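Q: A predicted structure for the sequence below; I have some questions about it.
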There are 2 protein chains.
Amino acid sequence: MENITEMLKGVLEGCVLEIISRGETYGYEITQQLRELGFTDVVEGTVYTITMRLEKNNLVDIEKKTSTKGPPRKFYTLNAAGQEQLEIFWGKWDFISSKMNELKTNKAKGEK
Amino acid sequence: MENITEMLKGVLEGCVLEIISRGETYGYEITQQLRELGFTDVVEGTVYTITMRLEKNNLVDIEKKTSTKGPPRKFYTLNAAGQEQLEIFWGKWDFISSKMNELKTNKAKGEK
DNA sequence: ACAGGTATATAGTATCACGTAGTAGCGTCA
DNA sequence: TGACGCTACTACGTGATACTATATACCTGT
C-alpha cells in the first residue's frame, strides 16, 4: 500500500503504544513488528521519533540493556500515563472508525 | 470527541470527496454535513483549504450560483479524476482500518 | 441602521511521518 | 585483516495537513 503517510498520522503512535503495552520491547523490534503488521514502508527513523516523543511525554519507562547482536538496546514499558494514553487512543480510533464506516455504508446504500 | 486532529489527517479530504460525490454541494454545506456526521469541531476554514486543494488538483468541477440566503455559492461536483481519487481513498482506508482492527483484536485475545 | 446567519478566502502555526545521514557494535566469510 | 551486513540509536531538515484567527461580503428581518 503506497502513500498512506497522511493517514498514518496519529495512528502510528497508537500502534507503537499498543505494541509496547504487550511487553518490554525496543525501537528496532517495534519497527519489525509494524512491518509484519503490514506497514511495510515504515522506516526506523519514523519509529525513533515516536519513541523519543513517548519519552518526552513520560508515557514510558526505560531500561538500557546490552545485546550480543549490536549496540545496547533501549527497552520500553508503558507506565500508568502510557496505559491511559493507549486507552484514549483506542477511544479516538473507535470514534473515527465508526464515523467513517457510517459514511461508507451510507454510500453503499446510496442514502441521504 | 476532542483532539482528533492528527487522526483526521488524510481522512478529512476523503470525507469531503465522498460528500461531494453524492451530489453537487458547496463549502459551507459540506462543513455542516461533516458536523452532522459527528466531526463537530470542523470549522469552515478547514473545509475551504480542502476544497481549494481539490480545485488545484483538478478533482472537481465548479459552478457558481447565486443564493437568496447570502453571497454566491461555489458548487462542486466530482470529475473522473475525483471519482478515481475517491476510490483510491477508500482503498487506503480499508487497508489501514483492517490492519488496525487486526492489532486491536489481537490485543483483546492477548495474542502475539 | 443594525444584527445575525450565510458564504468564501487566506496568512500563520503546530504537529506529524518521512528521507537521509551519521555513529557504532557485533558476527561472518573470504 | 578487511569488507560486508545486520543490529541499534540519534539528529536535522522537508512536506503535507488540520487548525486558528481574521477579513470580506451578501442577504433578511427588525
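A: Looks like it arrived, so ask away.
Q: from here on, contacts and neighbour counts on C-alpha atoms
A: OK.
Q: Quick check: closest non-adjacent residue to residue A:11.
A: residue B:7 (6.3 Å; C-alpha to C-alpha, 6 or more residues apart in numbering or on different chains).
Q: That neighbour falls within a helix, correct?
A: Yes - applying DSSP: H, G, I helix; E, B strand; the rest coil, one finds residue B:7 inside a helix.
Q: Wait, it touches residue A:14, no?
A: No - contact criterion C-alpha atoms under 8 Å: residue B:7 and residue A:14 do not qualify, at 10.2 Å.
Q: If you average the pLDDT over stretch A:82-97, what comes out?
A: Stretch A:82-97 comes out with an average pLDDT of 97.
Q: Stretch A:39-57 too?
A: When pLDDT is averaged along stretch A:39-57, the result is 95.
Q: Would you check how far apart the nearest residue to residue A:25 once chain neighbours are set aside and DNA strand C are?
A: Counting by C-alpha to C-alpha, 6+ apart, the nearest residue to residue A:25 once its immediate chain neighbours are dropped is residue A:75, at 5.0 Å. Look at residue A:75 and DNA strand C: by C-alpha to the nearest atom of the strand, to the nearest Å, they are 16 Å apart.
Q: residues near residue A:75, how many?
A: If you count neighbours by other C-alpha atoms under 10 Å in any protein chain shown, residue A:75 ends up with 18.
Q: Return the backbone torsion pair for it.
A: Reported as degrees, to the nearest 10, the phi and psi values for residue A:75 are phi -90, psi 140.
Q: Near DNA strand C, which residues of chain A? Just list them.
A: With C-alpha under 7 Å from any atom of the strand as the criterion, chain A comes near DNA strand C at residues A:4-6, A:8-13, A:41-46, A:49-50, A:67-71.
Q: Give me the buried subset of those residues.
A: A:4, A:8, A:9, A:10, A:11, A:12, A:13, A:50 (16 or more other C-alpha atoms under 10 Å in any protein chain shown).
Q: Tell me which helix or strand the most centrally placed residue in chain A sits in.
A: In chain A, the residue lying closest to the centroid (C-alpha atoms, centre = their mean) is residue A:15, at 2.1 Å. Element membership for residue A:15, per DSSP states H and E: helix A:11-21.
Q: Could you list every helix and strand in contact with that helix?
A: helix A:27-37, helix A:44-56, strand A:70-78, helix A:80-109, helix B:80-109 (3 or more C-alpha pairs under 8 Å, 6 or more residues apart in numbering or on different chains; DSSP states H and E).
Q: Pull out the buried positions in the first one.
A: If I follow you right, that is helix A:27-37. A:27, A:30, A:31, A:33, A:34.
Q: anything in stretch A:84-95 sitting right up against chain B?
A: Yes - counting by C-alpha under 8 Å from any C-alpha of the partner chain, chain B is contacted by stretch A:84-95 at A:92, A:95.
Q: is DNA strand D contacted by that stretch?
A: No - using C-alpha under 7 Å from any atom of the strand, stretch A:84-95 stays clear of DNA strand D, with a minimum separation of 12.7 Å.
Q: So for residue A:111, what's the pLDDT?
A: You'll see residue A:111 listed with a pLDDT of 51.
Q: got it, and residue A:63?
A: Residue A:63 is given a pLDDT of 94.
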